[in-house]
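K.L.:
Need the 3D shape of this:
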Amino acid sequence: MSNTAPLITSFDVRFCETDALQHVSNTALVAWFEAAREPIFRMFTPELDLNNWPLILASYKVDFLAQIFYGKPVTVKTYISRLGNSAFDVFQELWQDDKLCSTGITTMVHFDYKTQRSAPIPEDVKSELQSHFKELPTK
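P.N.:
Numbering: from 1, shown residues only. The predicted model follows:
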């Protein structure tokens, strides 16, 4: 399965997210990408129950491709680009004015805090994640 439906989240760029160079600070993108992963969090815990949180963030990488500016909304398209037994990669694109401005890859692990070990992703969740799969070109 390739290039299936992304999860889409839009944000208005806030003035406080800009920096002295008059564009969005690079730290804002990490927060936007995290907020746009909320639909994925809900696949694992629909109520977003922090007392029963089943995920950990193992790593993330953000590539900055173009400047982002205040006064224009941004859209984050969220996909799954790798799906393993207990870990998966979330691939995200950030767009402004129909221009791809940034991409990010986050590795998430389904985690059992009681045993302090990774745990297999439930099949129903895996199926839902698969419906947002996007195959990335190999480097």
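K.L.:
next SSE after the strand or helix carrying Ile105?
P.N.:
Assigning secondary structure by DSSP states H and E places Ile105 in strand 99-112. Counting by DSSP H and E, the next helix or strand C-terminal to strand 99-112 is strand 117-118.
K.L.:
Following the chain past that following strand, name the next helix or strand.
P.N.:
helix 123-130.
K.L.:
ok so, going back, and the strand holding Ile105, how far from the chain's centre?
P.N.:
Relative to the centre of its chain, strand 99-112 is centred 4 Å away, using CA atoms, centre = their mean, to the nearest Å.
K.L.:
Neighbouring strands - and their directions - for it?
P.N.:
Here strand 99-112 has these sheet partners by DSSP bridges: strand 55-64 (antiparallel), strand 87-96 (antiparallel), strand 117-118 (antiparallel).
K.L.:
quick one: the second one to chain centroid distance?
P.N.:
If you compare the mean C-alpha spot of strand 87-96 with that of the full chain, they lie 5 Å apart, counting by CA atoms, centre = their mean.
K.L.:
Show me which residues of that strand are buried.
P.N.:
Residues of strand 87-96 classed as buried: Ala87, Phe88, Asp89, Val90, Phe91, Gln92, Glu93, Leu94, Trp95, Gln96 (neighbour count, 16 or more other CB atoms under 10 Å). Using the backbone N, CA and C atoms, a C-beta is placed for each residue, glycine as well.
K.L.:
out of those residues, which one sits closest to Ser81?
P.N.:
Phe91 (3.8 Å; CB to CB).
K.L.:
sorry, back to before: quick check: mean pLDDT across the strand holding Ile105?
P.N.:
Confidence over strand 99-112 (mean pLDDT, whole number) is 97.
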